[in-house]
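1. coords please:
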Amino acid sequence: MLVTGSRLIGTPILSMQASGAIGQISGSIIDPDTLKIVAFYVASPLIKNSENILATKSIREYSKFGCVIDSIDELVAKDDVVKISKILDLNFDLIGLKVETKKGSKLGKVLDFTATDNDFIIQQLIVRRPIAKALIDPELIIPRSEIVEVNDYKIIVKDEEKTIKKKAETVDFIPNFVNPFRKTELSRSPAQTENPDDIDTE
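-> Coordinates of the predicted model:
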């Protein structure tokens, strides 16, 4: 199932050991080479370190109740995981990157994204259109298969704009094992993506 990146922010981190919330997601760490969320920044009042990192591989389950992990020991400092530290050194931020076709046609800027909730691989880019095109299509949904290049300044997609989707749906994850934090049965429901009022002029 898919979840939007903006919806991940504020998600509680639930510890099996502590039997409750120990913090919440405050940001995503994305590998630009694979377009995968490899870790999350976690705000936790239980740890003095201001940059707590949770590798996505340590998450046992993601649902509308939160991300379930074994214990608070899964949270580490950024320098404790070599791969994550190298990605952080790139200062890569997907949100705000310009999106263009191979022929140079400007499609807009990345406003949000959707990712699978089991492996956190980014599947779609939600792109805010330039003012000249926003009246027709305020947002575009660009599937992963259309992306041909990602660099520090922009994302390049295939030329065939007609293949770019204009709608996408996200739904809650339905876990396949017992979640001790779940008090009621989950039901599938479409997630809403926000349509911002402000339109980029670039």
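2. Select the helix or strand of the protein having the lowest average pLDDT value.
-> strand 190-191 (a mean of 40; mean pLDDT, DSSP states H and E).
3. beta partners of residue 66?
-> Partner residues in beta bridges with residue 66, using DSSP bridges, are residue 63.
4. burial count for it?
-> 22 (other CB atoms under 10 Å). C-beta coordinates here come from the backbone N, C-alpha and C atoms, glycine included.
5. Could I get the average pLDDT for stretch 142-158?
-> What stretch 142-158 shows for mean pLDDT is 92.
6. buried residues in it?
-> Neighbour-count burial for stretch 142-158, counted by 16 or more other CB atoms under 10 Å, picks out 142, 146, 147, 150, 154, 155, 156, 157.
7. And for stretch 22-38?
-> Judged by neighbour count (16+ other CB under 10 Å), stretch 22-38 contains these buried residues: 22-32, 35-38.
8. From residue 40, how far off is residue 109?
-> Distance of residue 109 to residue 40, given as CB to CB, to the nearest Å: 23 Å.
9. got it, and residue 144?
-> In terms of CB to CB, residue 144 sits 20 Å off from residue 40.
10. now residue 18
-> Counting by CB to CB - residue 18 and residue 40 are separated by 18 Å.
11. Would you tell me what the next helix or strand after the longest helix anywhere in the chain is?
-> Longest helix in the chain by number of residues (criterion: DSSP state H): helix 82-89. On the C-terminal side of helix 82-89, the closest following helix or strand by DSSP states H and E is strand 98-101.
12. Centre of the chain to whatever helix or strand residue 155 lives in, how far?
-> Following DSSP H and E, one finds residue 155 within strand 154-157. Mean-position distance between strand 154-157 and its chain equals 18 Å (CA atoms, centre = their mean, to the nearest Å).
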